[in-house]
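Q: Requesting a structural model of the entry that follows:
(chains A, B, C and D)
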There are 2 protein chains.
Amino acid sequence: MTSSADFRRTLSSDLARAVVRMVNDNGLGPGDALDSVKVLAARFDVAVPTMREALRRLEGLGVLEFRHGSGIYVGANAGRRVLANPLSPRPNQGQLIELLEARRRIEPPIAALAAQVQDAVGLAWMEESLARARQQIAERDDALWLTNLDFHRAVAATGGNGVLAEVLDSIVLIHADAQREILRLHGDAVEDYDEHARLAAAVREGHPADAERAAAGHLEHVATIVRARS
Amino acid sequence: MTSSADFRRTLSSDLARAVVRMVNDNGLGPGDALDSVKVLAARFDVAVPTMREALRRLEGLGVLEFRHGSGIYVGANAGRRVLANPLSPRPNQGQLIELLEARRRIEPPIAALAAQVQDAVGLAWMEESLARARQQIAERDDALWLTNLDFHRAVAATGGNGVLAEVLDSIVLIHADAQREILRLHGDAVEDYDEHARLAAAVREGHPADAERAAAGHLEHVATIVRARS
DNA sequence: GGTCATAAAATGATTAGATCACTTTATGAC
DNA sequence: GTCATAAAGTGATCTAATCATTTTATGACC
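A: Below is the predicted model:
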């Protein structure tokens, strides 16, 4: 299926590619500013609207970011290889379960890898997000769900593999708002924390099999909650 | 990390969102045509260049597709949740190995799921791509590498989980050209085929553990080839 | 000398209309 | 019925102007 044979080269797509190369060659990273649209248009010898269209295309991917009155900046997805579609339509119950079953398959082996590799930055991030969760539970902070997502991403980061981390980032971000709503209504914050802590301990102490089991158990638990809701 | 707190609503982003909703509401799928830019601009009551920028943003994501002189069509990524960044820069040796190690972790459990679920469409796709590979090997067709990628996607589809299939689609497409080059120079087409056939047999006959082992072995083999190249 | 309101400059956002290029469809000759 | 041609539709690009937002420079005031 799908022959990627047709390379429809257009000015807009070539421009976008050139801008990305320019960003990489200049060593720019997320948050850094590009030249103004006018300057870019002049440099690439095209009219301003044409330049803007090429830049908008990159904005769609999250590779660039427009700030009215300020400038155009490198976005969070620059250099990233796997992305979550920010425009995927609102999921129904079945799609949510499908998503959780996908996580159930992917996250355990990633947790096992984390326990093997124990990347230092990832470990620190993991502990930090756990501590933050403790505090937010105590303060009944509504932002807890974000911290919990962060924990899963931190575990993936501890595996030391950028592609896997990006994959996990993506699937965790899919329908994040829908997942939040469910867990806010039906989840148990303390139980969640305990499961995370168990997983963290297995990773910290270097027990891949335990980490894998902990991740699997945790996700099955979450899936049960989602399945059970009316 | 990363508070997604700033919702910078802009006309362009609202327009893009509205277009996506329109596509979904009208039940349009990949390949279907949208109204012309002029008509869309009139409908949303904005000027043509503004409309074009919003559409370009969606083109960046692969949700839309522009065809000069013909029209604007729904793209292959519409409705998809996980995407491969089509603009990720060319990888170095280390990044290729990282990618293969990611696949080594993700694909085996997916293969196991495929052997459990045995989705009919996926199975047919799998057999079809195997048959095509046989023919292309006999004819020394250069497009064989595409068929091989297709086989991996077919296995994921056989698992019946859309999210997992999209994840696999994405990571298989990352740096696909770079992978092709390596395998063309250092790979053994017949050996590749045999490993695929073994995996297919395990899936077909419903042996998850065998499928998992076959997938793992195959990817380790590929990784060895990539590591070995000078 | 430091602080803060104001003015000026830079930058992106949007609009308008015109012309060019490509694709598809309708027309008509053969 | 087939095929070349013309016409219409559509996207691509350009020019030029005006509006809105942000940032920086200015200078009065304390």
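Q: and the residue in chain A positioned nearest to DNA strand C, how far is that from A:H186?
A: Proximity of chain A to DNA strand C (C-beta to the nearest atom of the strand) peaks at A:S36, 3.3 Å away. C-beta coordinates here come from the backbone N, C-alpha and C atoms, glycine included. Look at A:S36 and A:H186: by C-beta to C-beta, to the nearest Å, they are 49 Å apart.
Q: next one: A:L146
A: On the measure of C-beta to C-beta, A:L146 and A:H186 end up 18 Å apart.
Q: Neighbour count for the two, which is higher?
A: A:L146 (20 against 14; other C-beta atoms under 10 Å in any protein chain shown).
Q: Check the gap between that one and A:E191 for me.
A: 18 Å.
Q: got the buried residues for the least confident helix or strand in chain A by mean pLDDT?
A: Every helix and strand in chain A was compared by mean pLDDT, DSSP states H and E; the lowest is helix A:176-186, with a mean of 80. Residues of helix A:176-186 classed as buried by neighbour count (16 or more other C-beta atoms under 10 Å in any protein chain shown): A:A178, A:Q179, A:R180, A:I182, A:L183.
Q: centre of the chain versus that helix, how much separation?
A: For helix A:176-186, the distance from its own C-alpha centre to the chain's C-alpha centre is 17 Å (C-alpha atoms, centre = their mean, to the nearest Å).
Q: List of residues touching that helix?
A: Residues outside helix A:176-186 that contact it (C-beta atoms under 8 Å, 6 or more residues apart in numbering or on different chains) are A:90-91, A:96, A:99, A:142, A:145, A:148-149, A:192, A:222, A:225-226, A:228-229.
Q: which residues are contacting the helix or strand hosting A:F66?
A: Using DSSP states H and E, A:F66 maps to strand A:64-67. Defining contact as C-beta under 8 Å, 6+ apart, one finds that strand A:64-67 is touched by A:19, A:34, A:55-56, A:58-59, A:72-76, A:78, B:8, B:10, B:12.
Q: Select only the buried ones of those in PyMOL?
A: Command for PyMOL that selects the buried part of the contacts of strand A:64-67, burial taken from 16+ other C-beta under 10 Å:
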select buried, (chain A and resi 19+34+55+56+58+59+72+73+74+75+78) or (chain B and resi 12)
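Q: With respect to DNA strand D, which of the contacts of strand A:64-67 is nearest?
A: B:R8 (8.5 Å).
Q: Quick check: whichever residue of chain A sits closest to DNA strand D vs B:T10, distance?
A: Of all residues in chain A, A:G69 sits closest to DNA strand D, with a separation of 2.1 Å (C-beta to the nearest atom of the strand). Per C-beta to C-beta, A:G69 is found 12 Å from B:T10.
Q: I figured A:A156 hits A:A114, correct?
A: Yes - taking C-beta atoms under 8 Å as the definition, A:A156 is a contact partner of A:A114 at 7.1 Å.
Q: what do these two both touch?
A: A:G122.
Q: Mind checking which of these two has more residues around it?
A: Using other C-beta under 10 Å as the criterion, A:A156 and A:A114 rank with A:A114 on top: 34 against 28.
Q: With adjacent residues omitted, what lies nearest to that one?
A: Spatial nearest neighbour of A:A114, chain neighbours left out: A:T158 (3.8 Å); criterion: C-beta to C-beta, 6 or more residues apart in numbering or on different chains.
Q: For A:G31, list the residues it contacts.
A: Neighbouring residues of A:G31 by C-beta under 8 Å, 6+ apart: A:Y73, A:V74.
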